[in-house]
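# coords below, sequence missing:
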């Protein structure tokens, strides 16, 4: 579902030279918008299928609103994780441990001792555990020179083991009304978790598109050697990327704990694959150097809409997974076609060869 | 100059945050409940009959998957707690590892220690059938716990829950409630466990078969993964699909925590819910009667305690004192009982 389903679009023979007259972000801002059109199309098609197959549900206005929020809530936790994952992949890495980090952070923050510190303690604990594990990943990869795949795979196993140990293999029920209320409450008619997703996506977008950190991430993922020669501290930057992914996992752990009012060592199972798949179908290159936060968000929304579509039509999870696989392939194919035509368009108009 | 001061400030902040996190995390490792009743209760049979009297010394080997699910955790705890009640039992346990192959090799080390009898909850009965045959051939009786061996020669005793019966009990309760409420054509939902497991399929079949006898059927069925987060996610979808519902059966009380959370978050209360397995949290909620959860059907990990008790009797060549037979029977299937508000107090001690 990961590497083999993500045939990388033909990559530039050399990183895009920033054209003299165009600032770096203008290229990035217009290209992905076009590439994401395919995903928007898929999303609209899915919604239309939903309306056609279950018109009786959609005839109620309240239901439509509730279902849209339901889809967004379904997307919220994995969306937050995918933002972190997008940074890691753009930076040329991969993080297979995100699901395990969520489980560890969730379980640790719901242990009985941690709950004594109240909601603030639980939130701090989840985020600290997330960042802490991310930093360990980062140190292993950048300073320990371990391949990201191996380091995070090892962390996946170890973190779940520690989570099982800490939780005594029992489901840890959250007794904090504040934590449990995060998922249960609305603000101005919109579920709180949707705001959290929006905030993380907005922060991720700003970080990637409007800061030096974002530029460095693209540079490191595009060409490590060139980035190093350009004066970027590649090791430190890589460490920060995994810490950022860990931070997102910590936030996601609180969100998921709030939704399920509990945490368990087996929670967030296979979230790493969902997050990687969402980032990839959102246009992020698995080889690094290219990707967008909005694309990743669209990828997540496509998944959650499929899940919702299958639930309302009472179709099995197995069929859902098969369709998910098909959608991943289809979305990547659509993007490849779009990317190719865009490249031709750019080559024709701007004399920039991007194919 | 500015650059340097920025860095030092950053380092200071980072160092402070790391120290703070470390201090809090160190404090946050205890998971002991304040009250003894706060965690999963261990189920042991006190043993007041003649069989409880100390007899010949026996060694019971035990192996169960090291799963991260509350039910499996309770199985291991119950087995150990029951063994501890007997002064004539030496209890040797081996971790089952990640899969059937790992459990098989762990069990080989157990055989080398020559126990009087082995009690095991296999990853999969079919996959460990050969081990059962081998142990029985070597003269070590095998007690299969819950996941049946297909070959009767592979075990001396099989003790298991009734998965089909769980579905039957849940359906009977729902049928009775619907009749009492005069609902002729109820909308019924089902949140199953892991669909690839035979036990889930049996539960769903028992449920559907029994409902069909009353002319009812399941309108929407979602399969979760026995965890609270997957239970919540599937329940959220099911609640959207069924804007009005009369009854819901959730196969597992652990994932039921998430299912109940989804119901609360959706502000739904027009239906009744039946759980599965009989966790302490579910029994407490049924007793409190302040949620849609009105009943749960048992699949109790107390069967591990019974398995150890019976393994001891088999090893000591004794029978069950309440039976006329001189030996322990070959197969025992527990009944799936229905816990409601009325009888919940009887079951609290079995909650895990």
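Noted; the coordinates are in hand. Worth saying up front: this structure is predicted, and the values here are computed from it rather than measured.
# what number of residues lie near residue B:88?
As a burial measure, residue B:88 scores 13 neighbours (other CB atoms under 10 Å in any protein chain shown). Just so you know, the C-beta spots here come from the backbone N, C-alpha and C atoms, and that holds for glycine as well.
# Tell me which residues touch it, please.
Counting by CB atoms under 8 Å, 6 or more residues apart in numbering or on different chains, residue B:88 touches B:54, B:55, B:56, B:57, B:58, B:312, B:316.
# Distance to residue A:187, secondary structure and neighbour count added to those, as JSON lines?
Compiled in JSON lines, these are given as follows (distance: CB to CB, whole Å; DSSP: H, G, I helix; E, B strand; the rest coil; neighbours: other CB atoms under 10 Å in any protein chain shown):
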{"residue": "B:54", "distance to residue A:187": "65", "secondary structure": "coil", "neighbour count": "10"}
{"residue": "B:55", "distance to residue A:187": "67", "secondary structure": "coil", "neighbour count": "17"}
{"residue": "B:56", "distance to residue A:187": "68", "secondary structure": "coil", "neighbour count": "11"}
{"residue": "B:57", "distance to residue A:187": "66", "secondary structure": "coil", "neighbour count": "13"}
{"residue": "B:58", "distance to residue A:187": "63", "secondary structure": "strand", "neighbour count": "20"}
{"residue": "B:312", "distance to residue A:187": "59", "secondary structure": "helix", "neighbour count": "27"}
{"residue": "B:316", "distance to residue A:187": "66", "secondary structure": "coil", "neighbour count": "17"}
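# where do the strands sit along chain A?
Assigned by DSSP state E, chain A shows strands spanning A:172-173, A:186-187, A:190-191, A:262-263.
# Dump those strands to CSV, plus mean pLDDT, mean neighbour count and distance to chain B.
Shown next, in CSV, are those (pLDDT from 0 to 100; neighbours: other CB atoms under 10 Å in any protein chain shown; distance: least, CB to the nearest CB, whole Å):
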stretch, mean pLDDT, mean neighbour count, distance to chain B
strand A:172-173, 90, 24, 6
strand A:186-187, 90, 11, 10
strand A:190-191, 92, 17, 8
strand A:262-263, 94, 34, 4
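# Can you lay out the ones you listed as TSV showing distance to residue B:152?
Output for the strands of chain A, formatted as TSV (distance: least, CB to CB, whole Å):
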stretch	distance to residue B:152
strand A:172-173	41
strand A:186-187	58
strand A:190-191	55
strand A:262-263	41
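# Go ahead and flag the most central residue of chain A.
Note on chain A: the residue nearest the mean C-alpha position is residue A:82, at 0.5 Å, using CA atoms, centre = their mean.
# wait, that one sits on residue A:298?
No: if you go by CB atoms under 8 Å, residue A:82 and residue A:298 don't touch, sitting 10.3 Å apart.
# Mutual contacts of these two, please.
Contact criterion CB under 8 Å, 6+ apart; residues shared by residue A:82 and residue A:298: residue A:282.
# wait, is residue B:31 part of a helix?
No: under DSSP: H, G, I helix; E, B strand; the rest coil, residue B:31 sits outside any helix and is assigned coil.
# And the pLDDT for it?
Residue B:31 is assigned 71 on the pLDDT scale.
# How about the one 4 residues further on?
For residue B:35, the model assigns a pLDDT of 48.
# Against residue B:280, how distant is the residue nearest to the centre of chain A?
36 Å (CB to CB, to the nearest Å).
# got the buried residues for the helix or strand harbouring residue B:94?
Taking DSSP states H and E as the criterion, residue B:94 maps to strand B:89-95. Neighbour-count burial for strand B:89-95 flags B:89, B:91, B:93, B:94 (criterion: 16 or more other CB atoms under 10 Å in any protein chain shown).
# Helix or strand with the lowest mean pLDDT in the chain?
The chain I'm using is chain A. helix A:24-35 (a mean of 56; mean pLDDT, DSSP states H and E).
# if you could check chain B rather than the one you did, that'd help
That would be, for chain B by mean pLDDT, DSSP H and E, helix B:2-27 at a mean of 59.
# following that helix, which helix or strand comes up?
Following helix B:2-27 toward the C-terminus (DSSP H and E): strand B:58-64.
# so what strands line up beside that next one?
Applying DSSP bridges, strand B:58-64 is found paired with strand B:89-95 (parallel), strand B:117-120 (parallel).
# circling back to that earlier point, residues in contact with the residue nearest to the centre of chain A?
A:274, A:275, A:278, A:279, A:282, A:296, A:297, A:299, A:300 are the contacts of residue A:82 under CB under 8 Å, 6+ apart.
# Between the residues you listed, identify the one with the most neighbours.
residue A:275 (34 neighbours).
# Need phi/psi at the nearest residue to residue B:333 once chain neighbours are set aside.
Spatially, and ignoring its direct neighbours in sequence, residue B:333 is nearest to residue B:162 (5.3 Å; CB to CB, 6 or more residues apart in numbering or on different chains). Here is the backbone geometry of residue B:162 (degrees, to the nearest 10): phi -110, psi 90.
# ok, how many other residues are close to residue B:162?
Look at residue B:162: counted by other CB under 10 Å, it has 20 neighbours.
# Just the pLDDT at it, thanks.
Model confidence at residue B:162 (pLDDT) stands at 94.
# Turn the contacts of residue B:88 into CSV, columns for pLDDT.
Below are the contacts of residue B:88 laid out as CSV (pLDDT from 0 to 100):
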residue, pLDDT
B:54, 88
B:55, 88
B:56, 91
B:57, 94
B:58, 95
B:312, 96
B:316, 94
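# can you pull the pLDDT of residue A:315?
pLDDT recorded at residue A:315 is 87.
# how far away is it from residue A:54?
Taking CB to CB as the measure, residue A:315 falls 11 Å from residue A:54.
# which one of those two has more residues nearby?
residue A:54 (18 against 15).
# these two touch, right, that one and residue A:314?
No: taking contacts as CB under 8 Å, residue A:54 lies outside contact range of residue A:314: 9.9 Å.
# Alright, I will stop here.
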